[in-house]
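Visitor: Predicted model follows, preceded by the sequence.
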Amino acid sequence: MAAAEQLHQSVEGLTITKLLRRNAQRFADHPALTDGIGEDPHTLTWSGLRTEVAVLTRGLAAVGLGRGNRMLIAMSKRPEHWIVDLAAVHLGALPCSTYDTLSTEQIRFVARHSAATVLVLEGAEQMRRWQPVLDDLPHLRSIVVLDPDVAPSGDIRFVSYADLRGAEDPAFETLTDEVTPHQPLAVVYTSGTTGEPKGVVLSHHNVIYESLMQDHLVPLTEHPRSVAYLPMAHIAERVLGIYMPICNAGHVTICADPTQLLASLQAVRPHGFFGVPRVWEKLAAGLRAKLATLTGEQAAAVALARDTSLEVFHLRSAGKEVPAGLAARQGQLDAQVLRPIRAAIGLGECGRAFSGAAPIPTAVLEFLAGVGIPVYEVWGLSETTGAATVSTPEVFALGAVGRPGPGIEVRVADDGELFVRGPVVCQGYLRADGGVDPATDADGWFPTGDVGVVDDRGVVAITDRKKELIITDGGKNVAPTKIESLLRAHPLIAYAVAIGDRRPYLTALIVLDEEAAPLWARARGLDPADLAAHPEVLDAIGAAVAEANEVLSRAEQVKEFRVLSVPWTAESGELTPKLSLRRKAIDSLHAASIESMYTRGTTG
């Protein structure tokens, strides 16, 4: 049976509500959700989680949440986030998690556009950020607060989360059965790199197909362990942290503080891990620093194992057969030398390592593959429920994003834009009146806005975003992500953005890595303060730019650069919550630095 047909049959008739019930019945005492990695973290079993969801279902119904309503969740990663989300799903409402980095105006836009009737706020910080817009939301009927002390006195809209916890809803089983596969499940707002966010409407069928597809392509052990550390508003965390564990009865451990990710990985030892490129870059930088301290026979053994592992990786990337002798030698060296290195960062049992959301430098992929962590790129958007193409151990290519999943089609338009069709494509975009506008054309094709190519193996490579292509004043089309990826391969560089649209030549803004740069400075006896202006740093960055220019065409080469002294974050405006570049914001926020590269003509 073809994989696509097998998947379609597996997904037929399933809903998130029915799968949650299945888990509570078949795997009642298996762990579902653990809150952190402390000495005695609280764990909900599948039975316990569903009981909590049943209780909150009745409570949310009592405050007016019903079928077709929208509910916004402004909460950190904690068990209650999962519980209220799934409770809303049982009522046929559409939950939507919001990024905790939204500005007041962005909060107002999402809240008004979603026409949410219920808002769930965690505590004082969320209340501080949301209070300026609460009286400007005509559809809002109830505000649920986890911390009742933040509720204003006399405002009858506020109700505490604890007050919603009573008896289970007697109609809970009926509600479970009434949900249908193609019913809307959730709204995910895009991060708005090129304009106002759009509310992407996903169905049960969308997320279940996506989840089972990934398990089919790269199978994991039964009841796989995972770490939830990305924002809950991110499509990857929605799938990997909520829906996929429900589909495969996995065990999720919450990492509420991203700075504790490494500790969480070490404690949990996940079977699968997805990282945006910045996360993989930081893990690679940490491993590089540790390996640099090795000496003598130990250093030689690691170098041999890394060279052998990388040789196998390159052969497989090119679609070539790995000689039996080389495979045996690589397996032996991996077990003896590399496995302890992976185990030290918690990835010793990781059978599925994915990267997505943005291009990752090939140098980072090669380094990780050399220590036995082959990271496979995937590609997709919120509108495709996450991954539409997936690299697998059997078929992948360095710098590419894999083949379309079973049942998914990708075609290249005349202008190079990639279109996707298949069961993971969303139902459409939410309208302010509650309707849904289709995101596809009459034939079901979704225009992704990404430009790419497909090779003779069906492997897709993304060359750029259609709206982000730079057109120089000489008429040359330049893909900025190619340039930026080459620059970011240098361990000192956290972010790089290529500038040059309607300009005579290309320039770059560069942000130093907050962790790697001070270590680099101390190793050379430099004061880590104000490194952006230090001559040795500028020389190192200049060398990185020159190295990148060697593999770029004349039109793509960076002629000038500026190293900025302040880190970029979602809060400062240069990045989206998923750490993608906000190019328009960068142009505006750093206009003076950009103009200086086209007027004074001095580098650094």
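Guide: Noted; the coordinates are in hand. Numbering: from 1, shown residues only.

Visitor: Would you mind identifying the helix or strand in this structure with the lowest mean pLDDT?
Guide: In the chain, the helix or strand scored least confidently by mean pLDDT, DSSP states H and E is strand 477-478, which has a mean of 76.

Visitor: now for that one, which elements pack on it?
Guide: Here strand 477-478 is seen to pack against strand 470-471 when contacts are counted using 3 or more C-beta pairs under 8 Å, 6 or more residues apart in numbering; DSSP states H and E. Backbone N, C-alpha and C define where each C-beta goes, glycine included.

Visitor: Now the closest residue in space to Gly402 that isn't next to it in sequence: phi and psi?
Guide: Beyond its immediate neighbours in the sequence, the residue positioned closest to Gly402 (C-beta to C-beta, 6 or more residues apart in numbering) is Ser391, lying 3.4 Å away. Main-chain dihedrals, Ser391, degrees, to the nearest 10: phi -80, psi 140.

Visitor: Give me the longest strand you can find in this structure.
Guide: Longest among the strand segments of the chain by residue count, using DSSP state E, is strand 446-454.

Visitor: and the following helix or strand past that one with strand 446-454, angle?
Guide: Tracing the chain past strand 446-454, the next element assigned as helix or strand by DSSP states H and E is strand 460-465. Taking axes from the mean of the first three to the mean of the last three C-alpha atoms, to 10 degrees, one finds that strand 460-465 is oriented at 110 degrees with respect to strand 446-454.

Visitor: Adjacent strands (with direction) for strand 460-465?
Guide: For strand 460-465, sheet partners with direction are given as strand 446-454 (antiparallel), following DSSP bridges.

Visitor: Could you check how far the strand it pairs with is from the centre of its chain?
Guide: Between the centre of strand 446-454 and the centre of its chain there are 19 Å (C-alpha atoms, centre = their mean, to the nearest Å).

Visitor: Let's see that strand as CSV, backbone CA atoms only.
Guide: Coordinates of the C-alpha atoms in strand 446-454 are reproduced here as CSV (Å, rounded to 0.1, in the frame of the first residue of the first chain):
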residue,chain,number,x,y,z
PHE,A,446,-1.3,27.3,-1.8
PRO,A,447,1.2,30.0,-2.8
THR,A,448,4.0,29.8,-0.2
GLY,A,449,5.9,33.0,-1.0
ASP,A,450,9.1,30.9,-1.0
VAL,A,451,11.3,30.6,-4.1
GLY,A,452,13.0,27.3,-4.7
VAL,A,453,13.9,24.4,-7.0
VAL,A,454,13.3,20.7,-7.0
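
Visitor: Can you list the buried residues in that strand?
Guide: Taking 16 or more other C-beta atoms under 10 Å as the basis for neighbour counts, the residues of strand 446-454 that come out buried are 446, 448-452, 454.

Visitor: cool, and stretch 473-489?
Guide: Neighbour counts over stretch 473-489 (16+ other C-beta under 10 Å) mark 478-489 as buried.

Visitor: Stretch 280-292 now?
Guide: Residues of stretch 280-292 classed as buried under the neighbour-count rule (16+ other C-beta under 10 Å) are 280-287, 291.

Visitor: Kindly reformat those as CSV containing distance to His30.
Guide: What follows is the buried residues of stretch 280-292, written out as CSV (distance: C-beta to C-beta, whole Å):
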residue, distance to His30
Trp280, 30
Glu281, 34
Lys282, 32
Leu283, 29
Ala284, 34
Ala285, 36
Gly286, 32
Leu287, 33
Leu291, 37
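
Visitor: taking those one by one, which sit in helices?
Guide: Assignment to helices by DSSP state H places the following of those there: 280-287, 291.

Visitor: mind checking the SS state of His314?
Guide: Counting by DSSP: H, G, I helix; E, B strand; the rest coil, the backbone at His314 sits in helix.

Visitor: does the residue nearest to it when sequence neighbours are not counted count as helix, strand or coil?
Guide: Nearest non-adjacent residue to His314, counting by C-beta to C-beta, 6+ apart: Leu398, 7.5 Å away. Here Leu398 is coil, with the state taken from three-state DSSP.

Visitor: now swap in Val159 and tell me
Guide: Counting by three-state DSSP, the three-state call for Val159 is strand.

Visitor: contacting residues for it?
Guide: With contacts defined as C-beta atoms under 8 Å, 6 or more residues apart in numbering, Val159 is in contact with 63, 142-145.

Visitor: Then His113?
Guide: By C-beta under 8 Å, 6+ apart, His113 lies in contact with 199, 430, 432.

Visitor: Buried by neighbour count, from these: which ones?
Guide: Among the contacts of His113, those scoring as buried are 199, 430 (criterion: 16+ other C-beta under 10 Å).

Visitor: picking that back up, what is the subsequent helix or strand relative to the least confident helix or strand of the chain?
Guide: Beyond strand 477-478 in the direction of the C-terminus, DSSP H and E gives the next helix or strand as helix 480-488.

Visitor: Within the sheet, what are the partner strands of whichever helix or strand comes after that following helix, with directions?
Guide: Helices and strands here follow DSSP H and E; after helix 480-488, the next one along the chain is strand 493-499. Strand partners for strand 493-499, identified by DSSP bridges, are recorded as strand 506-512 (antiparallel).

Visitor: what's the next helix or strand after the partner strand in contact with?
Guide: Counting by DSSP H and E, the next helix or strand C-terminal to strand 506-512 is helix 516-523. By C-beta under 8 Å, 6+ apart, the residues outside helix 516-523 that reach it are 285, 289, 491-492, 494, 527-528, 531, 534, 537, 540.

Visitor: I would like a ChimeraX command selecting only the buried ones among these, please.
Guide: Selection of buried members from the contacts of helix 516-523 for ChimeraX, criterion 16+ other C-beta under 10 Å:
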select :285,491,492,494,531,534,537,540
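
Visitor: Widest-spaced pair of the contacts of helix 516-523?
Guide: Among the contacts of helix 516-523, the pair separated by the greatest distance (C-beta to C-beta) is Ala285 and Asp527, at 20.9 Å.
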